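> For reference, the sequence and a predicted model appear below.
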Amino acid sequence: MLVADLVAAMEAVAPSHLAESWDNVGLLLGDRSREVRGPVMLTIDLTPQVMDEALDLKAGAIVAYHPPLFSAVKSITADTSLGRSLLRALESGIAIYSPHSALDAATGGVTDWLADGLGAGDRRALAPSAGVDPRQTHKIVTFVPADHVERLRNALATAGAGRIGEYELCSFSIRGTGTFRGSEKSKPVVGIAGKLEEVEEVRLEMVCPGAAAPILIETLRAFHPYEEPAFDLHPLAGRPDRRVGAGRRLALDQPATPEQLATRLREYLGIERVRLADVLERPVERVGVVPGAGGSLLDEAIAQGCEVFVTGEMRHHDMLKAMSKGCCVILGGHTNTERGYMPRLAEKLKSMGTDGKYVVSRADRVPWRNV
């Protein structure tokens, strides 16, 4: 397996375009063309202890959920703990990939895994991702005589237009009437210079990648019969998908009290305790779910009718705000609400037919203990 194969597998599980704008996801360290010569280690944090474990196992790559390279880095030296770990990875040829918020947003990702522990029911993203297929970021529209439509459509398709999913040569056309009057210097293919002309034309439109716009326009000019073809290039808005995005709103099939939900979460995560700030004793139906630190989605959860908000950690004042609005809060600990997903990620990667061996780190753990 090459590093590029691992990147492709991770992109299939958690497409990087789903990541938040503030995040740093993808291949952070490594050469895509290099072979992954040892197991791939999965971890939440790349700590010195995890790095030791990876070296002992002769790992070929590390998937670190939290990106070890997050803020701007101006130097990598052995003067810092992170610098030493990165240098050791470089020297050993260990690639590092981070999915972070893309894995939270993805269908079947960390957020859906966390929601699984609270009960069955309809779920939707609190903040749906408005993804845009890179092959469909724009739409090119032109107007052409009917007997030239097929030739122009084929030419634009060759340059990258008209690709939707597993289909190509996708287009839409409709007949209409075009008008123009050329100057005395013009050389119209149809009609006479200086005279207003009406021509039966076909409006032809095809989706296309914006990156291919220059070659598409050049192709259009080359294959369009007119001396000066009319065309438009429209950017397309993203299409929100309720299945993917930040957070989840879980509408429980069977209502449960906040205390029951807290007990379910504690048992699901396999931890000693969770924190419950309850302002309701009755059964509730709508639950907001965000792994890690989910305070930024609290207002959205409340706006969508959530009566309980489940996350890893929150600021004290955010918790008070939730309670003042009649919303209970359950906190399971930041990495506690993430780490249990690693075995599921390992199984996903194995099921994709990659040649790599995937190992969940044993050294990765909560950095403190209760005393």
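Yes, it's here.

> And residue 330, how close does it get to residue 261?
In this structure, residue 330 and residue 261 are separated by 6 Å, where distance is defined by CB to CB, to the nearest Å. (C-beta placed from N, C-alpha, C; glycine too.)

> oh, I was asking about residue 130
Residue 130 is 30 Å from residue 261, where distance means CB to CB.

> of those two, who's got more company?
Each of residue 130 and residue 261 has its neighbours counted (other CB atoms under 10 Å); residue 261 has more, 26 against 12.

> residues contacting residue 6?
With contacts defined as CB atoms under 8 Å, 6 or more residues apart in numbering, residue 6 is in contact with 36, 40, 61, 63, 95, 97, 354, 356.

> That should have said residue 69, apologies.
24, 28-29, 86, 96, 98.

> Which other helices and strands does the helix or strand encompassing residue 347 contact?
With the criterion set as DSSP states H and E, the secondary-structure element containing residue 347 is helix 342-351. In this structure, helix 342-351 makes packing contacts with helix 3-13, strand 40-43, strand 358-360, judged by 3 or more CB pairs under 8 Å, 6 or more residues apart in numbering; DSSP states H and E.

> returning to what we had before: among the contacts of residue 6, give me the pair with the biggest separation.
95 and 354 (13.7 Å; CB to CB).

> out of those two, which sits in the busier spot?
When residue 95 and residue 354 are compared on other CB under 10 Å, the one with more neighbours turns out to be residue 95, at 25 against 18.

> Count the residues that sit near residue 117.
Burial of residue 117, expressed as a neighbour count using other CB under 10 Å, amounts to 18.

> how much space between it and residue 70?
For residue 117 relative to residue 70 (CB to CB), the value is 28 Å.

> Give me the mean pLDDT for stretch 253-269.
Rounded to a whole number, the mean pLDDT of stretch 253-269 is 96.

> quick one: buried residues of that stretch?
By neighbour count, and taking 16 or more other CB atoms under 10 Å as the criterion, the buried residues in stretch 253-269 are 256-258, 261-262, 264-266, 268-269.

> what does stretch 337-344 give?
The neighbour-count check on stretch 337-344 (16+ other CB under 10 Å) flags 337-342, 344 as buried.

> out of those, who's nearest residue 251?
Within the buried residues of stretch 337-344, proximity to residue 251 (CB to CB) peaks at residue 337, which comes in at 20.0 Å.

> surely that closest one meets residue 293?
No: here residue 337 does not reach residue 293: they are 9.4 Å apart, not a contact under CB atoms under 8 Å.

> Can you check which residues contact both of the two?
Where contact means CB under 8 Å, 6+ apart, the residues bridging residue 337 and residue 293 through contact with each are 311-312.

> picking that back up, of all the helices and strands packed on helix 342-351, which lies closest to residue 324?
strand 40-43 (37.8 Å).

> Check which helices and strands that closest one sits against.
helix 48-56, strand 61-64, helix 342-351, strand 358-360.

> Check the ones you listed for me and report the most buried one.
Using mean count of other CB atoms under 10 Å, the stretch among the helices and strands packed on strand 40-43 with the greatest mean number of neighbours is strand 61-64 (a mean of 27).

> how about the buried residues of stretch 337-344, which pair is most distant?
Comparing every pair within the buried residues of stretch 337-344 by CB to CB identifies 337 and 344 as the most remote, at 13.6 Å.

> Show me where the stretch 251-371 of the chain has its helices.
According to DSSP state H, counting those that start in this stretch, the stretch 251-371 of the chain carries its helices in the segments 258-269, 298-303, 316-324, 336-339, 342-351.

> by contact count, what packs against the shortest one?
On a contact count with 3+ CB pairs under 8 Å, 6+ apart, helix 336-339 meets helix 110-116.

> This structure - how does it break down into domains?
Domain assignment for the chain by automatic domain parsing gives 3-102+341-360, 110-128+242-337, 138-235.

> Next, count neighbours for the spatially closest residue to residue 87 that is not a sequence neighbour.
Counting by CB to CB, 6 or more residues apart in numbering, residue 78 is the residue found nearest to residue 87 once chain neighbours are left out, at 6.0 Å. When counting by other CB under 10 Å, one arrives at 11 neighbours for residue 78.

> Tell me the pLDDT of residue 78.
What the model reports for residue 78 is a pLDDT of 93.

> need the contact list for residue 122.
With contact set as CB under 8 Å, 6+ apart, residue 122 has these partners: 250-251.

> Now do it against residue 196, distance only.
With CB to CB as the criterion, residue 122 and residue 196 are 59 Å apart.

> same question, residue 168
Applying CB to CB, one obtains 39 Å for the distance of residue 168 from residue 196.

> Of those two, which one has the most company?
More neighbours sit around residue 168 than around the other of residue 168 and residue 196, counting by other CB under 10 Å; the figures are 13 against 10.

> wouldn't that one be in contact with residue 157 here?
Yes: with the criterion set as CB under 8 Å, residue 168 and residue 157 qualify as a contacting pair; they are 6.1 Å apart.

> Report how many residues lie close to residue 97.
Counted with other CB under 10 Å, the burial measure for residue 97 works out to 23 neighbours.

> so it sits in a strand?
Yes: Residue 97 forms part of a strand when assessed by DSSP: H, G, I helix; E, B strand; the rest coil.

> who's in contact with residue 285?
251-252, 255, 307.

> oh, I was asking about residue 317
Counting by CB under 8 Å, 6+ apart, residue 317 makes contact with nothing.
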